[in-house]
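Asker: all I have is the shape, not the residue letters:
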């Protein structure tokens, strides 16, 4: 009897132990102390690349992204997950649109969705959605097609086999972007193929032939390549000032040769009649920051595009990141939406970037003025502002020289300090450059931590201004900021479990400060 009790006790202990382990695993998938406030958060597991964005008949904007609900627990890849929004601030989860391992394809990679408006699929209604995407079959990148007749809630395989395939496991042929070519009445496919974007055309949406490519190698980019190209996207934007219609090729790439991280890039050019993109300018960043990746783009009208990205970077986002309960496996959020327009002159265009701010959520405003001569100094820096606020914060900072006849001068530093993380922006008024540095105690992988903590220097475009105006939109685990009037955004992660931030603003120049702070509820 004593032996039986002992066995039963051990059994009860083991059941309890494994129940706790399973509960912890489940919690790590469904709960996170890195949760964002007003950014969209993945419901469980891990997210990355954003897929197509479209406006539905229901008045919502619909968006798909790559999603692994069992992140690090099964390691079997991603599905396509569907969300919808009316304003790119409030999101509603719809659910998994395209599952993995359905007997036709394995796990899902990136692709795009088109409407059957041009009737390439004559056996489907014009309202049907057609999805093209990559799946890795035994290590080979293959293209599949599926359709939806319920506004993207679910997709059915159109073919029981891939419609295209890479030549081998070492060949890149992925992330198909689809575009109807009104000049040829054909469907063009744009595939990421290493250091080029391959272009294909089809009469029926299934059988494609190769017609050319846009090279993005060292020779095409003046000796500085951008690594492996991903997620191509192509739009045409009209500039009402120059009256020109330009083609813009967007893509993900690695900017290490340019002193940058991986990120979202674009090139301005034109389209040949067959749909091949011809670059007229060298590549530029869509967003100057380290964590605007896997972005997608929706044409709003002739001169405006909406872009949304995954806030992440493969250099650290998939590494071991821990909250107070251990490694967290619920990670990932979307960026704020960006509005893109074309700006500049013929031959020298820039895609102007304006963030869509959650102004309707601003509350509890605090504002004030700080005179440089009235505050304490610390190691030569006047402490213009030093207060604690909620980490979901809209921060507006305006600087002017104490001598109103002069411009702002020397350095201005903005420090955002949380209990386990910090970010610093160090702006040099003399040349307009600013350095972004950061650190977090939450990254436990040495290589990932090193990648995350690298400092980067960017050009603000604002040199010795009479007034400097800086906008920062902070959430608990991210920061997006811009210098007013420059049409450029810098987006970055700041892994923190702290719901409050100490905002410190300092200068070693003769600069005064006006500030306005809003909670973002």
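Answerer: Cool, the structure landed. Since the model is a prediction, treat every value here as computed from it, not as a measurement.
Asker: how about stretch 321-328: buried residues?
Answerer: In terms of neighbour count (16 or more other CB atoms under 10 Å), stretch 321-328 has its buried residues at 321, 322, 323, 328. Placement of C-beta: from N, CA and C, glycine included.
Asker: next one: stretch 334-354
Answerer: 334-338, 340-344, 349-351, 353.
Asker: how about those, which pair is most distant?
Answerer: With distances taken as CB to CB, the most widely separated pair in the buried residues of stretch 334-354 is 334 and 344, at 28.4 Å.
Asker: thinking again about what came up before, among the buried residues of stretch 321-328, which are in strands?
Answerer: Assignment to strands by DSSP state E places the following of the buried residues of stretch 321-328 there: 322, 323.
Asker: can I get the buried residues of stretch 321-328 in TSV with pLDDT?
Answerer: What follows is the buried residues of stretch 321-328, written out as TSV (pLDDT from 0 to 100):
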residue	pLDDT
321	97
322	97
323	95
328	95
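Asker: mind jotting down where the strands sit in the stretch 351-500 of the chain?
Answerer: For the stretch 351-500 of the chain, the strands defined by DSSP state E, counting those that start in this stretch cover 362-370, 377-378, 381-390, 393-401, 411-418, 421-428, 433-440, 456-459, 467-475, 478-483, 490-493, 500-507.
Asker: quick one: list the elements packing against the first one.
Answerer: This points to strand 362-370. Taking 3 or more CB pairs under 8 Å, 6 or more residues apart in numbering; DSSP states H and E as the contact definition, the neighbouring helices and strands of strand 362-370 are strand 381-390, strand 511-520.
Asker: show me the one of these that comes nearest residue 294.
Answerer: Taking CB to CB as the criterion, residue 294 comes closest to strand 511-520 out of the helices and strands packed on strand 362-370, the separation being 24.0 Å.
Asker: so for the closest one, what gets flagged as buried?
Answerer: By neighbour count with 16+ other CB under 10 Å, strand 511-520 contains the buried residues 511, 512, 513, 514, 515, 517, 518, 519, 520.
Asker: possible to save these as TSV with distance to residue 374 and pLDDT?
Answerer: Putting those into TSV (distance: CB to CB, whole Å; pLDDT from 0 to 100) gives the following:
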residue	distance to residue 374	pLDDT
511	13	99
512	9	99
513	11	99
514	14	99
515	14	99
517	19	99
518	24	99
519	27	99
520	30	99
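Asker: please identify the helix or strand for the residue nearest to residue 109 when sequence neighbours are not counted.
Answerer: On the basis of CB to CB, 6 or more residues apart in numbering, the spatially nearest residue to residue 109 that is not a chain neighbour turns out to be residue 134, at 4.0 Å. Counting by DSSP states H and E, the element that carries residue 134 is strand 129-137.
Asker: now that strand, how far from the chain's geometric center?
Answerer: Here strand 129-137 shows a centroid-to-chain-centroid distance of 21 Å under the convention CA atoms, centre = their mean, to the nearest Å.
Asker: neighbours of the residue nearest to residue 463 when sequence neighbours are not counted, how many?
Answerer: Of all residues not flanking residue 463 in the chain, residue 432 sits nearest, at 3.9 Å (CB to CB, 6+ apart). Other residues lying near residue 432 total 18 when counted by other CB atoms under 10 Å.
Asker: check residue 432 and give its pLDDT.
Answerer: What the model reports as pLDDT for residue 432 is 99.
Asker: which ones are touching it?
Answerer: When contacts are counted by CB atoms under 8 Å, 6 or more residues apart in numbering, residue 432 touches 459, 460, 461, 462, 463, 464.
Asker: let me have those residues in CSV, extended by distance to residue 288.
Answerer: Shown next, in CSV, are these (distance: CB to CB, whole Å):
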residue, distance to residue 288
459, 9
460, 9
461, 10
462, 13
463, 16
464, 20
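Asker: pipe the strands of the stretch 351-500 of the chain into JSON lines and attach mean neighbour count and distance to residue 122 per row.
Answerer: Rendered in JSON lines, the data for the strands of the stretch 351-500 of the chain read as follows (neighbours: other CB atoms under 10 Å; distance: least, CB to CB, whole Å):
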{"stretch": "strand 362-370", "mean neighbour count": "12", "distance to residue 122": "51"}
{"stretch": "strand 377-378", "mean neighbour count": "12", "distance to residue 122": "72"}
{"stretch": "strand 381-390", "mean neighbour count": "18", "distance to residue 122": "56"}
{"stretch": "strand 393-401", "mean neighbour count": "21", "distance to residue 122": "51"}
{"stretch": "strand 411-418", "mean neighbour count": "21", "distance to residue 122": "56"}
{"stretch": "strand 421-428", "mean neighbour count": "20", "distance to residue 122": "54"}
{"stretch": "strand 433-440", "mean neighbour count": "19", "distance to residue 122": "52"}
{"stretch": "strand 456-459", "mean neighbour count": "16", "distance to residue 122": "50"}
{"stretch": "strand 467-475", "mean neighbour count": "20", "distance to residue 122": "47"}
{"stretch": "strand 478-483", "mean neighbour count": "24", "distance to residue 122": "45"}
{"stretch": "strand 490-493", "mean neighbour count": "25", "distance to residue 122": "43"}
{"stretch": "strand 500-507", "mean neighbour count": "22", "distance to residue 122": "57"}
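Asker: can you say which of the ones you listed is nearest to residue 174?
Answerer: Across those, the minimum distance to residue 174, taken as CB to CB, is reached by strand 490-493, at 24.5 Å.
Asker: list the neighbouring strands of that closest one plus their orientation.
Answerer: In the sheet containing strand 490-493, the strands it pairs with under DSSP bridges are strand 478-483 (antiparallel).
Asker: contacts for the strand it pairs with?
Answerer: 36, 39, 289, 291, 311, 333, 335-336, 353, 355, 416, 423, 425, 460-462, 468-473, 488-494.
Asker: let's see that with 7 Å instead.
Answerer: Taking contacts as CB atoms under 7 Å, 6 or more residues apart in numbering, the residues outside strand 478-483 that touch it are 36, 39, 311, 333, 335-336, 355, 416, 423, 460-462, 470-473, 488-494.
Asker: give me the mean pLDDT for it.
Answerer: 99.
Asker: so how far is residue 472 from the spatially closest residue to residue 365 that is not a sequence neighbour?
Answerer: Closest residue in space to residue 365, ignoring its immediate chain neighbours: residue 518 at 5.1 Å, by CB to CB, 6+ apart. Residue 518 is 11 Å from residue 472, where distance means CB to CB, to the nearest Å.
Asker: do residue 404 as well
Answerer: As for residue 404, its distance to residue 472 is 25 Å (criterion: CB to CB).
Asker: picking up where we left off before, reformat the buried residues of stretch 334-354 as a markdown table; add secondary structure and distance to residue 194.
Answerer: Supplementary listing: the buried residues of stretch 334-354 in a markdown table, determined by DSSP: H, G, I helix; E, B strand; the rest coil; distance: CB to CB, whole Å:
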| residue | secondary structure | distance to residue 194 |
| --- | --- | --- |
| 334 | strand | 28 |
| 335 | coil | 27 |
| 336 | coil | 32 |
| 337 | coil | 30 |
| 338 | strand | 28 |
| 340 | strand | 26 |
| 341 | strand | 31 |
| 342 | strand | 29 |
| 343 | strand | 31 |
| 344 | strand | 30 |
| 349 | strand | 27 |
| 350 | strand | 27 |
| 351 | strand | 24 |
| 353 | strand | 28 |
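Asker: mind putting these in TSV, distance to residue 383 and pLDDT included?
Answerer: Formatted as TSV, these follow (distance: CB to CB, whole Å; pLDDT from 0 to 100):
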residue	distance to residue 383	pLDDT
334	35	99
335	32	99
336	30	98
337	35	99
338	33	99
340	38	99
341	39	98
342	42	98
343	37	96
344	40	96
349	42	98
350	36	98
351	38	98
353	32	98
